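1. Sequence and predicted structure below; questions after.
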Amino acid sequence: MMDHERTEKELQEIFEEIQQTYRTAMDDAVALQERTLKFARDLIENPPDEQETRNSRTTLEELAGRSRSQREHFERLANKTTEAYMKVLAAPADHHHKVEEARAELEEPDPS
């Protein structure tokens, strides 16, 4: 019975880590959207001169690049999460080992 309780606790910890990772990623996405909207609002309210137009183009390219990077991060996160869930659910008889594998995959550094 103790092994079952320990496994349940470990699973709960992994799922909480996954939730926290998604929460952080969503906070980052919202912050990027807010920055993009503020930039767009500023462009509309204060039309740029020629030099500011070049700076604006650079800023737009930066925001687009960050958006692409964030999308790729979400895709990797979704894949890692799916793999972690599948490993945990695939072999109920070997929970502890699968929990450790899932946790290790979630903790791998993100290459971005």
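-> Arrived safely.

2. Mind telling me what element the most centrally placed residue in the chain is part of?
-> Nearest to the geometric centre of the chain sits Ala25, at 3.7 Å (Cα atoms, centre = their mean). Secondary structure assignment for Ala25, by DSSP states H and E: helix 2-45.

3. And Leu32, how close does it get to Thr59?
-> To Thr59, Leu32 is 12 Å away according to Cβ to Cβ, to the nearest Å. Every C-beta, even on glycine, is put in place using the N, C-alpha and C of the backbone.

4. returning to what we had before: show me what secondary structure element comes after the helix holding Ala25.
-> helix 50-90.

5. and that next one, what does it pack onto?
-> Under the contact definition 3 or more Cβ pairs under 8 Å, 6 or more residues apart in numbering; DSSP states H and E, helix 50-90 sits against helix 2-45, helix 95-107.

6. mean pLDDT for the ones you listed: which is lowest?
-> Mean pLDDT is lowest for helix 95-107 out of these, coming in at a mean of 70.

7. The helix holding Ala25 to helix 50-90, inter-axis angle?
-> Interaxial angle of helix 2-45 relative to helix 50-90 (axes from the mean of the first three to the mean of the last three Cα atoms, to 10 degrees): 160 degrees.

8. Show me how far helix 2-45 is from its chain's centre.
-> Relative to the chain's own centre, helix 2-45 is displaced by 6 Å; criterion: Cα atoms, centre = their mean, to the nearest Å.

9. name the helices or strands packed onto it?
-> Applying 3+ Cβ pairs under 8 Å, 6+ apart, one finds that helix 2-45 makes contact with helix 50-90, helix 95-107.

10. looking at those helices, which is buried most?
-> Across those, averaging neighbours per residue (mean count of other Cβ atoms under 10 Å) puts helix 95-107 on top, at a mean of 16.

11. related to what we said a few turns ago, quick one: the helices and strands packed on helix 2-45 as TSV, columns for distance to Gln19 too.
-> Below are the helices and strands packed on helix 2-45 laid out as TSV (distance: least, Cβ to Cβ, whole Å):
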stretch	distance to Gln19
helix 50-90	10
helix 95-107	11
